[in-house]
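Novice: Next one to model:
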Amino acid sequence: MFFKKKHPYRKDDLDSVIGACLQENREAQRILVKMFFGFAKSVCMRYSANNEETEEIINDGFLKVFNNLSKYDQSLPFKAWLRTIMVNTAIDHYRKNEKYQHHVSLDDMEIAETGGDIISKITAEEILALIRRLPPAYRTVFTLHVIDNYTHREIADMLGIKEGTSKSNLQDARRKLQLMIKNTYPHLYLSYGLKLTKLNEN
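Specialist: Here you go, the predicted model:
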């Protein structure tokens, strides 16, 4: 009976851990997940509405990582490659759910005019919590464009929508976020004297 020789590796050396993972070393795979779980979670949370969705995307993402690890160019940053895998997995998760619409009406929605000062008073965790409350179409386009720096053409190709729809969803996502900030942090609006307008007003 023949046993597969284990690939030697050091737990604190990424290249050697990746090498062991390529040899299907289960312990090394667990170490790689542990090394980058926090980073992967930070990426996936922005595309999900709740922790259950986040965990599903992370699990599917790491499965893709190990299935495609042989394609990774170790001369390039691993985090960048991992980020791309996780974003694409989040997009796959989004596209699988047919009930998600690519555009949501904002007729007669009350919109708040916000400035940079009010945003600076909100923590990153609080902003993330608001982003996760956006409708899926808005959340996905907003995150892809504003946070992950994809162009509207790239987003359109990724989501299978028109470029104009991507731009429209981004605009409406910003307005929806403004309204949520106004409702969640009214004291900030009072402090800065921000006015409310109607979306359908001139």
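Novice: Give me the helices and strands touching the longest helix anywhere in the chain, please.
Specialist: Longest helix in the chain by number of residues, with DSSP state H as the criterion: helix 163-184. Packing contacts for helix 163-184, counted by 3 or more Cβ pairs under 8 Å, 6 or more residues apart in numbering; DSSP states H and E, involve strand 110-112, helix 124-132, helix 136-142, helix 152-159. C-beta: built from backbone N, CA, C; applies to glycine.
Novice: Return the most buried member of these.
Specialist: Of all the helices and strands packed on helix 163-184, helix 136-142 has the most neighbours on average by mean count of other Cβ atoms under 10 Å, namely a mean of 24.
Novice: hmm, who's touching it?
Specialist: 46-47, 49, 90-91, 94, 97, 100-104, 131-132, 134, 155, 159, 166, 169-170, 172-174, 176-177 (Cβ atoms under 8 Å, 6 or more residues apart in numbering).
Novice: returning to what we had before: how far is the longest helix of the chain from where the chain is centred?
Specialist: 16 Å (Cα atoms, centre = their mean, to the nearest Å).
Novice: One more: stretch 140-151?
Specialist: That offset, for stretch 140-151, works out to 8 Å (Cα atoms, centre = their mean).
Novice: What ranges in the protein fall below the confidence cut-off?
Specialist: 1-7, 98-121, 188-202 (pLDDT under 70).
Novice: What segments of it are strands?
Specialist: 110-112, 196-198 (DSSP state E).
Novice: Is there a neighbour count for the residue nearest to residue 130 when sequence neighbours are not counted? I'd like the number.
Specialist: The shortest distance from residue 130 to any non-neighbouring residue, by Cβ to Cβ, 6 or more residues apart in numbering, is to residue 180 (5.0 Å). The number of residues packed near residue 180 is 16, by other Cβ atoms under 10 Å.
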